[in-house]
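Asks: Fold the following for me, if possible:
(chains A and B)
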There are 2 protein chains.
Amino acid sequence: MTERLVVIGGDAAGMSAASQARKRRSPDDLNIVAFERGRHVSYSACGIPYLVAGDVEDADDLVARRPEEFRERQHIDLRLDSEVVAIDTDRREVTVRDAIREYHEPFDQLVIATGGEPIRPDVPGGAAVGIYGVQTLDDGVRILEHLDRHTPRRAVVVGGGYIGLEMAEAMIRHGLDVTLVDAAEQPMRTLDPDMGALVAAALEREGVRLRLGERLQGFGSTAGRVSAVHTSAGEIPADVVILGLGTRPNSHLAEAAGITVGETGGIRVDRRLRASADGVWAAGDCVENLHLVSQRPVAVALGTHANKQGRAVGINIGGGYATFPGVVGTAVSKLCADEVARTGLSTAEAEAAGFRTFSVVTESTTRAGYFPGAKKITTKIIAECTTGRFLGAQIVGQEGAAKRIDALAVALWHGMTVEEMTSLDLSYAPPFAPVWDPILIAARKAAEHLSLR
Amino acid sequence: MTERLVVIGGDAAGMSAASQARKRRSPDDLNIVAFERGRHVSYSACGIPYLVAGDVEDADDLVARRPEEFRERQHIDLRLDSEVVAIDTDRREVTVRDAIREYHEPFDQLVIATGGEPIRPDVPGGAAVGIYGVQTLDDGVRILEHLDRHTPRRAVVVGGGYIGLEMAEAMIRHGLDVTLVDAAEQPMRTLDPDMGALVAAALEREGVRLRLGERLQGFGSTAGRVSAVHTSAGEIPADVVILGLGTRPNSHLAEAAGITVGETGGIRVDRRLRASADGVWAAGDCVENLHLVSQRPVAVALGTHANKQGRAVGINIGGGYATFPGVVGTAVSKLCADEVARTGLSTAEAEAAGFRTFSVVTESTTRAGYFPGAKKITTKIIAECTTGRFLGAQIVGQEGAAKRIDALAVALWHGMTVEEMTSLDLSYAPPFAPVWDPILIAARKAAEHLSLR
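Replies: Here you go, the predicted model:
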């Protein structure tokens, strides 16, 4: 008998799961229905700031695969504008609402890929025109339309995380006066304060006005259009406001169905991405992951995890075996000419997880110092006292700096000590690195710090 | 009583050892004498092609530290133009020859850092003016003088390894007609033939004429100046010839002193870099290393290894503990806009070491496909049959491609399988990578290859 697979959510995780399952099981063996409440599937949400900035010309460029490809080539019954509003794990069916009706769809296997939901501030005035999130492709298109139609002069970006920074750059590129507001004392809270200060300096170099340590309290408007952002420190005039306050796992549906949701708000899954109910899988921004360094659950919204998890779910449903062992917290971002990357735990995160830590900061260059185009790179390494176990790293620099985080992420994956890391056989040639790669310099300084104490 | 340390060789390995030992032991405790047969110390030999190309303006820019720094700041008795011609491990002394005299210098500890010696072809005509190696800073200066004085039109580069390719680019940059001769059927023999073909294509795109599979047989000259290169396939007119045939460990002194030299021609050392005689250490291009994947000895001439080894030797002599566990064979090079990198074993090397292998080749982009500046990257992964153990990788691509080899080098260091590598938490953002990093795509394809067989 043909088994029925229902997928909730048509973005990276959901459609990867559907695709992989289809690759391994024919339509005779597995019927696949995927529900997406929006109009688009399988697009790069991470690309939206670059669409707004003008790096990407057309919203369509961000769409990896179109609905017809799934329908025609893969025989996946993809239904757009169709929102799943309930899951019944006993009756093995979901309730679906579209423009016309509400109906039930039965399943044998279910993939929950409901993604993240943007954190919206609970303050007055948020309904004014000109206040935008950066969540969906339509958000990006709407921001561009606003810029085009209203030619705003002053932009306020609320939230100094990755999206906030990328949107600040996008607004600068459109020639706007940009103010960035964050309740923390630094942008990029996922960095240690000293590294965050380098990011703050980079933002200011690019002309972004920083209003740090200020809490958002509301929005002022004139004739229904936003005119100001109110913070704990006063009023900031604004013709357009971008909200980059991050997301949290969208696990409401799962929770309402009695599926276990963890302390992070993400759906709890095992190594194979199985949720607590039989035959139910979850993948993407809606799940919680194991952080392999802290050994604690974390919710990380990143397209790369969503794709890996979706693929693993699809392989498992397809009869294979694939796992998602966890994350080490790697992230990277670009702000005009500056690059920022991190992996593992920050000092605060490590201390909160019970580690006693020390850290070192080193400055070097991305190429041999004498080679044209050598750029500055600052590397911070956080390690455990006494054992020297490597716990985390942060990089701020320019061209060629950030992607170095990957070698550190692999070192972290294997629980290396900083002493062991000093021997790593990293590539060297003058156009690519000094004879001691910045990573080796940082590891060396950390190892020396340990041996001297 | 003050101990006496003698260092033979004033380049990266020798001077790193001397410096590190000094950092840990005062002049009262340790007397350090370093002998260098040339005029320069502590310079970047890897930078010479870039000096010739014009990327680096002045030969002095390649000098990391000047003699006075060692003498005055570190109280190291550095003697230039002083060649050690014999080691006597019983009498604990070396014989030194300088411009004036020959004398003995006693030691308690000895560091042999005699570097590599260029492989020179044993063919007729090699004494003609206009034939240059690329070994010392003076070689680089002499090539530039030749270009300036004789304005040659046609250059022939003999040898298609890293230095040969970099010198071919340097000659192109000077506007010369460049022919590259190699006895192998591909440039970059350390790559698999399919990846070598990509390098050959890149060379041809840059205007380099390739004469592959041709053995060097001699040089023709007119009035003492080189005029042609003779190969097994004929004559190639040449106004200047660059020899880039690689180096081998310069272990003659050690061997003559009865110190064990391995099958690679390099001085055999243990983890701490101790040679076979008591109180004798060796570091840099003159030693042989353990290849951590093949578990066989290899001789690899690279500044990054020389620096690490020199540092470890200095720490050990200084009373600390430091090791050099071995190499995984990582290397990187740039050829105009093209980047080439490798780590681990090639297919031929792996098969020779007893592995049965399979490999996959994948094409991707360095950034999200829709992001401006995304460049092509081709990644090859070689793995062991049945276990899927990752054995080696090769990358050919453009800007942003090559340094990705580092994450692969760390994975190799830990003996990961390709299946394990598919889960690695590598950084993702559109300006830095597609949502599946090229490395993950390659690992995934390799894992799929394994699960399907």
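Asks: Now do the same contact list for the residue positioned nearest the centre of chain A.
Replies: With distances taken as Cα atoms, centre = their mean, A:Leu302 lies nearest the centre of chain A, 3.2 Å away. Counting by Cβ atoms under 8 Å, 6 or more residues apart in numbering or on different chains, A:Leu302 makes contact with A:Cys46, A:Asp285, A:Ala331, B:Tyr428. C-beta coordinates here come from the backbone N, C-alpha and C atoms, glycine included.
Asks: can you pick the most crowded of the residues you listed?
Replies: A:Asp285 (28 neighbours; other Cβ atoms under 10 Å in any protein chain shown).
Asks: Can you flag which of the contacts of A:Leu302 belong to strands?
Replies: A:Ala331 (DSSP state E).
Asks: need the residues of the stretch 351-453 of chain A near chain B, please.
Replies: A:368, A:370-372, A:400, A:402-407, A:409-411, A:413-414, A:422-433, A:435-437, A:439-440, A:444, A:451 (Cβ under 8 Å from any Cβ of the partner chain).
Asks: can you pull out the strands in the stretch 101-250 of chain A?
Replies: Along the stretch 101-250 of chain A, the stretches classed as strands by DSSP state E, counting those that start in this stretch are A:102-106, A:109-112, A:116-118, A:131-132, A:154-158, A:177-182, A:209-212, A:216-222, A:225-231, A:234-237, A:240-243, A:247-249.
Asks: Determine which stretch of those is the most buried.
Replies: Stretch with highest mean neighbour count among the strands of the stretch 101-250 of chain A: strand A:109-112 (a mean of 28; mean count of other Cβ atoms under 10 Å in any protein chain shown).
Asks: what residues are up against the residue in the stretch 51-200 of chain A positioned nearest to chain B?
Replies: Nearest residue of the stretch 51-200 of chain A to chain B (Cβ to the nearest Cβ) works out as A:Asp61 at 4.1 Å. Shown in contact with A:Asp61 (Cβ under 8 Å, 6+ apart): A:Gly47, A:Leu51, B:Tyr370.
Asks: Next, format those residues as a markdown table and append pLDDT.
Replies: Listed next are those as a markdown table, based on pLDDT from 0 to 100:
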| residue | pLDDT |
| --- | --- |
| A:Gly47 | 93 |
| A:Leu51 | 95 |
| B:Tyr370 | 94 |
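Asks: among these, who's most crowded?
Replies: So for the contacts of A:Asp61 (other Cβ under 10 Å), the most neighbours sit at A:Gly47, 27 neighbours.
Asks: isn't it right next to B:Pro430, touching?
Replies: Yes - A:Gly47 is within contact range of B:Pro430, at 5.1 Å (criterion: Cβ atoms under 8 Å).
Asks: Please narrow the residues of the stretch 351-453 of chain A next to chain B to those residing in helices.
Replies: Among those, the residues falling in helices (DSSP state H) are A:Ile405, A:Asp406, A:Ala407, A:Ala409, A:Val410, A:Ala411, A:Trp413, A:Ile439, A:Leu440, A:Arg444, A:Ser451.
Asks: Filter those residues down to the buried ones and hand me the ChimeraX line.
Replies: Buried members of those, defined by 16 or more other Cβ atoms under 10 Å in any protein chain shown, are picked up in ChimeraX with:
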select /A:405,406,407,409,410,411,413,439,440,444
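Asks: Name the nearest residue to A:Arg79, ignoring sequence neighbours.
Replies: A:Phe35 (5.4 Å; Cβ to Cβ, 6 or more residues apart in numbering or on different chains).
Asks: That neighbour touches A:Val6, doesn't it?
Replies: Yes - using Cβ under 8 Å, A:Phe35 makes contact with A:Val6 at a distance of 7.3 Å.
Asks: list residues touching both of those two?
Replies: Contacts common to A:Phe35 and A:Val6, judged by Cβ under 8 Å, 6+ apart, are A:Val94, A:Glu105.
Asks: Can you get me a residue count around A:Asp90?
Replies: A:Asp90 has 8 neighbouring residues, counting by other Cβ under 10 Å.
Asks: any idea whether it is helix, strand or coil?
Replies: Classification of A:Asp90 using DSSP: H, G, I helix; E, B strand; the rest coil returns coil.
Asks: OK, contacts around it?
Replies: A:Asp90 neighbours (Cβ under 8 Å, 6+ apart): none.
Asks: Report pLDDT for it.
Replies: Model confidence at A:Asp90, given as pLDDT, is 98.
Asks: what do you get for A:Arg453?
Replies: On pLDDT, A:Arg453 comes in at 60.
Asks: Can you name the residues that contact A:Asp192?
Replies: Neighbours of A:Asp192 in contact, by Cβ under 8 Å, 6+ apart: A:Ser346, A:Thr347, A:Ala348, A:Ser359, A:Lys380, A:Ile382, A:Gln394.
Asks: Who wins on neighbours among those residues?
Replies: Ranking the contacts of A:Asp192 using other Cβ under 10 Å puts A:Gln394 first, with 29 neighbours.
Asks: hang on, isn't that residue packed against A:Ala341?
Replies: Yes - using Cβ under 8 Å, A:Gln394 is in contact with A:Ala341, at 7.2 Å.
Asks: list residues touching both of those two?
Replies: By Cβ under 8 Å, 6+ apart, no residue touches both A:Gln394 and A:Ala341.
Asks: where does chain A have low pLDDT?
Replies: A:453 (pLDDT under 70).
Asks: can you give me the helices for it?
Replies: Taking DSSP H as the test, the helices found in chain A are A:12-24, A:48-53, A:67-68, A:74, A:137-150, A:162-173, A:193-205, A:252-256, A:303-317, A:347-352, A:405-413, A:418-421, A:438-452.
Asks: can you put these in a markdown table and add distance to B:Arg173?
Replies: Listed next are those as a markdown table, based on distance: least, Cβ to Cβ, whole Å:
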| stretch | distance to B:Arg173 |
| --- | --- |
| helix A:12-24 | 44 |
| helix A:48-53 | 34 |
| helix A:67-68 | 50 |
| helix A:74 | 50 |
| helix A:137-150 | 43 |
| helix A:162-173 | 34 |
| helix A:193-205 | 34 |
| helix A:252-256 | 61 |
| helix A:303-317 | 39 |
| helix A:347-352 | 46 |
| helix A:405-413 | 31 |
| helix A:418-421 | 36 |
| helix A:438-452 | 27 |
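Asks: Deepest-packed of the ones you listed, please.
Replies: helix A:405-413 (a mean of 28).
Asks: Could you tell me how many residues sit around A:Leu273?
Replies: That count, for A:Leu273 with other Cβ under 10 Å as the rule, works out to 31.
Asks: picking that back up, intersection of neighbour lists for A:Gly47 and B:Pro430?
Replies: B:Ala368, B:Tyr370, B:Phe371.
Asks: Which members of these additionally contact chain A?
Replies: Applying Cβ under 8 Å from any Cβ to the shared contacts of A:Gly47 and B:Pro430, those adjacent to chain A are B:Ala368, B:Tyr370, B:Phe371.
Asks: This completes my enquiry, with thanks.
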